[in-house]
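Student: mind folding the following:
(one chain, ligands or ions: 1)
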Amino acid sequence: MSKENTTGEQPGDFTEQLRASTTGLGLVWAQTSTGVIGQAGAMPWHLPEDMQHFSRLTTGHPVIMGRKTWESFPAKYRPLPGRTNIVITHQETWGGTPAAEGAIAVKSLDDALLESQFAPGHEMVWIVGGGEIFAQSMELADVAVITTIDAATEGDTFAPELGYDWTAGASLPAGGWLTADSGTRYRITLWRRAEG
Ligand SMILES: NC(=O)c1ccc[n+]([C@@H]2O[C@H](COP(=O)([O-])OP(=O)(O)OC[C@H]3O[C@@H](n4cnc5c(N)ncnc54)[C@H](OP(=O)(O)O)[C@@H]3O)[C@@H](O)[C@H]2O)c1
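Tutor: Residues are numbered from 1 along each chain as shown. From the prediction side, this is the model:
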């Protein structure tokens, strides 16, 4: 690891810039360099700096997620506070179960997007996972905020590939990596999708 490749910067100000410069529909995820986003129903790393970034970015806006992502959060951490939590499931009766407490259950991505427009902060709606829901919403999103983690981790759930219609914008740091307190290296990049 070369020293000039790392920085002591933290993402707080950058996250605020992203909040100020994004509207519409956004995807937000963290992945390894090989695209892993999950393993056995959880994220296979512990990076508090990214969780804080995620929380700052999405608070005040509706969040949309698949039922498995919702259930990956420990019950005491859901619903994600300060956000309308919209959960997509095919299961007709899931919304009435204890596991759904605090969620608005909907039966399709279209219904989730419609529901989001009634929520506070709906000028920016964040899709927060997981793999199935990212894949289905790629073609609808305006922006993606992606944290890349410099870790080699096995996974069973992967981020979708960003096609040619996606262009990298601002990144923190502009080159190289941030270094978390744990020593893990990571970077955050804003991607924008060209309108087709
Ligand atoms: N690294 C990150 O940033 C990040 C973010 C989020 C999640 N994750 C990880 O990703 C993994 C979960 O992702 P996943 O792909 O397995 O699951 P997911 O996308 O979270 O949820 C899948 C579920 O959503 C429902 N669903 C999907 N498409 C639907 C549709 N069109 N209509 C109705 N319901 C639909 C189904 O629920 P039913 O089965 O109830 O019908 C399906 O089983 C976990 O490991 C999690 O930790 C990582």
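Student: tell me the residues of this structure that contact the ligand?
Tutor: Proximity of the chain to the ligand, by CB under 6 Å from any ligand atom, involves residues 29-30, 37-38, 41-43, 65-69, 72, 88-91, 94, 107-109, 128-133, 136, 157. C-betas here are computed from N, CA, C, even on glycine.
Student: filter these to the buried ones?
Tutor: 29-30, 37-38, 43, 65-69, 72, 88-89, 94, 109, 128-133, 157 (16 or more other CB atoms under 10 Å).
Student: so residue 18 sits against residue 147, correct?
Tutor: No - in this structure residue 18 lies outside contact range of residue 147 using CB atoms under 8 Å: 11.4 Å.
Student: residue closest to the middle of the protein?
Tutor: Nearest to the geometric centre of the chain sits residue 28, at 2.6 Å (CA atoms, centre = their mean).
Student: ok so, going back, go through the residues of the chain next to the ligand and flag which are in strands.
Tutor: Cross-referencing the residues of the chain next to the ligand against strands under DSSP state E gives 29-30, 37-38, 65-66, 88, 157.
Student: this structure: strands as residue ranges?
Tutor: Using DSSP E, strands in the chain cover 6-7, 24-32, 36-38, 63-66, 85-88, 104-106, 124-127, 143-149, 157-158, 166-172, 177-179, 185-193.
Student: any chance of TSV for these, columns mean pLDDT?
Tutor: Formatted as TSV, the strands of the chain follow (pLDDT from 0 to 100):
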stretch	mean pLDDT
strand 6-7	58
strand 24-32	98
strand 36-38	98
strand 63-66	98
strand 85-88	98
strand 104-106	98
strand 124-127	98
strand 143-149	98
strand 157-158	98
strand 166-172	96
strand 177-179	96
strand 185-193	97
